[in-house]
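Undergrad: Any chance you can model this:
(one chain, ligands or ions: 1)
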Amino acid sequence: MKTVTLVPGDGIGPEITESVKAVFKAANAPIAWEETDCGLNAYERTGTLMPQEFIDSLNRTGVGLKGPTTTPIGGGHRSINVQMRQMFNLYASVRPIKNFKGLKSFFEGIDFFIVRENSEDLYKGIEYMIAPGVAQGIKLITAEASERIGRHAFELAVKLGRKKVTVVHKANIMKYTDGLFLDSVRKVAADYPTIAIDDMIVDNCGMQMVTRPQQFDVIVTENLYGDILSDIGAGLIGGLGIAAGANIGEHCAMFEAVHGSAPDIQGKNLANPTALLLSSVSMLEYMGELETARRIQDAVSVTLANADTRTKDLGGKLGTKEFTAAVISSLK
Ligand code: NAI
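TA: Presented below is the predicted three-dimensional model:
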């Protein structure tokens, strides 16, 4: 039995985390939950968005599953996700892009991952006004972070039986920064002779994703390109509402849905737990529980494929609880 830190979060967070708990229990997943909280509920109780008890728990367990959290507007509060990424050095953001039968998509057979470097590039925030009307931002790329994310992508490919890693860059124009990124990932590739490597210029990649997305297996890229391509990927498979996310570091990993806390439907049994369930599948894969991950993913897939067992946001009839029961009854 492995222990995972569970953050119910705000808004619909508690409803969709209950759904994951019920599915894990029915699937006999070898996971024990250590429940703690972050976000607005935690703030009202403790005066801080990220209480020490959560920080201690994640440091102890090394793996977390998080419902969406509400960052209070005003008062200078920093986003919890940004704080978490920095505090736990979560340098890799991983998005599975897989389409499910029954969900709107222009394509069939999409099944790849986008691995995004999360700690540097233009998002480092090194920006200046160098004169009135003239601003400058610095793109920071290091060999160390580029090799680290490259290794992450290849390790993911090995673990999940993937065949190819595509490095996405713009080294034809940014010869030093993107050139360094590309060279660093290529250097790492030498340690993984069974996985093929190719590379693609980012603008072409955007076009290929929306014309021939089936060609991709694992994409590895820098922070800014990864941010944009991840959302194109979410659009390809039916929108942000079902997109799963992961932020992974050397010692800790946090899995969560991409959508927010949806306060407009809180407590109404209307929340679709699919994105968090798919995040929990990524979490099980990360923990090496591949068989349980596959069983849960297959059950979600079967449930979504049937128009009678979809939630209302996807044009179906079911509430959160009924959808959860349908997933459980599809478990093999
Ligand atoms: P949102 O994603 O919460 O909601 C946008 C729309 O999608 C709403 O109509 C909502 O009802 C619907 N929706 C979202 N998730 C759904 C689900 N699972 N099932 C059915 N319908 C769903 O985005 P919004 O309104 O911009 O943000 C609300 C709050 O969430 C804000 O406080 C924001 O800071 C926070 N947020 C938190 C995130 C996180 O913790 N990772 C990510 C994005 C926003």
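
Undergrad: what about whichever residue of the chain sits closest to the ligand, how many neighbours?
TA: Scanning the chain for proximity to the ligand using C-beta to the nearest ligand atom identifies Gly260 as nearest, at 2.5 Å. (C-beta placed from N, C-alpha, C; glycine too.) The burial metric for Gly260, expressed as a neighbour count using other C-beta atoms under 10 Å, is 16.

Undergrad: how about the nearest residue to it once chain neighbours are set aside, secondary structure?
TA: Spatial nearest neighbour of Gly260, excluding adjacent residues (C-beta to C-beta, 6 or more residues apart in numbering): Pro68 at 5.0 Å. Three states are possible here, and by DSSP: H, G, I helix; E, B strand; the rest coil the one that applies to Pro68 is coil.

Undergrad: Just the buried residues of whichever strand or helix holds Leu229, please?
TA: Using DSSP states H and E, Leu229 sits in helix 223-236. Using 16 or more other C-beta atoms under 10 Å as the test for burial, helix 223-236 gives 223-227, 229-231, 233-236.

Undergrad: Using CSV, write down the CA coordinates of that helix.
TA: As requested, C-alpha coordinates have been extracted for helix 223-236 and formatted as CSV (Å, rounded to 0.1, in the frame of the first residue of the first chain):
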residue,chain,number,x,y,z
ASN,A,223,8.1,26.1,-21.3
LEU,A,224,6.4,28.6,-23.7
TYR,A,225,5.9,26.2,-26.6
GLY,A,226,4.7,23.6,-24.2
ASP,A,227,2.1,25.9,-22.7
ILE,A,228,0.6,26.7,-26.1
LEU,A,229,0.9,23.1,-27.5
SER,A,230,-0.7,21.6,-24.4
ASP,A,231,-3.8,23.7,-24.9
ILE,A,232,-4.0,22.9,-28.6
GLY,A,233,-3.8,19.2,-27.4
ALA,A,234,-6.6,19.7,-25.0
GLY,A,235,-8.7,21.2,-27.8
LEU,A,236,-7.9,18.2,-30.0
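
Undergrad: neighbouring contacts of that helix?
TA: Residues from elsewhere that reach helix 223-236, judged by C-beta atoms under 8 Å, 6 or more residues apart in numbering: 93, 95, 97, 99, 105-107, 110, 112, 114-123, 168-170, 202, 205-206, 209-210, 213, 219, 221, 240, 243, 258.

Undergrad: List the contacts of the residue of the chain closest to the ligand.
TA: Gly260 sits next to 11, 68, 70 when contact means C-beta under 8 Å, 6+ apart.

Undergrad: A helix includes it, no?
TA: No - membership of Gly260 in a helix is not supported by three-state DSSP, which gives coil.

Undergrad: Please report phi then psi for the nearest residue to Ser261 once chain neighbours are set aside.
TA: Once its chain neighbours are removed from consideration, Ser261 has its nearest residue in Gly11; the separation is 2.9 Å (C-beta to C-beta, 6+ apart). The phi and psi values for Gly11, taken as degrees, to the nearest 10, are phi 60, psi -120.

Undergrad: and what of Asp199?
TA: Backbone phi and psi, for Asp199 under degrees, to the nearest 10, turn out to be phi -140, psi 160.

Undergrad: Isn't it up against Val167?
TA: Yes - under the criterion of C-beta atoms under 8 Å, Asp199 lies in contact with Val167, with a separation of 4.2 Å.

Undergrad: More neighbours: which of these two?
TA: Neighbour tally, Asp199 and Val167, criterion other C-beta under 10 Å: the higher count belongs to Val167, 26 against 17.

Undergrad: Now the helix or strand that contains the more buried one: buried residues?
TA: Per DSSP H and E: Val167 is located in strand 164-169. Residues of strand 164-169 classed as buried: 165-169 (neighbour count, 16+ other C-beta under 10 Å).

Undergrad: same deal with stretch 31-48?
TA: 31, 33-34, 36-43.

Undergrad: so how many other residues sit close to the closest residue to Arg78 other than its chain neighbours?
TA: In space, Arg78 comes closest to Thr71 once its chain neighbours are excluded; the distance is 7.8 Å by C-beta to C-beta, 6+ apart. Neighbourhood size, Thr71 [other C-beta under 10 Å]: 19.

Undergrad: Equivalent analysis for Val188, please.
TA: Each residue near Val188 was counted by other C-beta under 10 Å, and the total is 21.

Undergrad: Surely Val218 is in contact with Lys159?
TA: No - the pair formed by Val218 and Lys159 falls short of the contact definition of C-beta under 8 Å, at 10.6 Å.

Undergrad: quick one: which of those two has more around it?
TA: Neighbours were counted for Val218 and for Lys159 using other C-beta under 10 Å; Val218 has more, 23 against 12.

Undergrad: Pull the distance from the worst-scoring helix or strand of the chain on mean pLDDT to the chain's centre.
TA: For the chain, the helix or strand with the lowest mean confidence is helix 80-87, at a mean of 87 (criterion: mean pLDDT, DSSP states H and E). Using C-alpha atoms, centre = their mean, to the nearest Å, the distance from the centre of helix 80-87 to the centre of the chain it belongs to is 14 Å.
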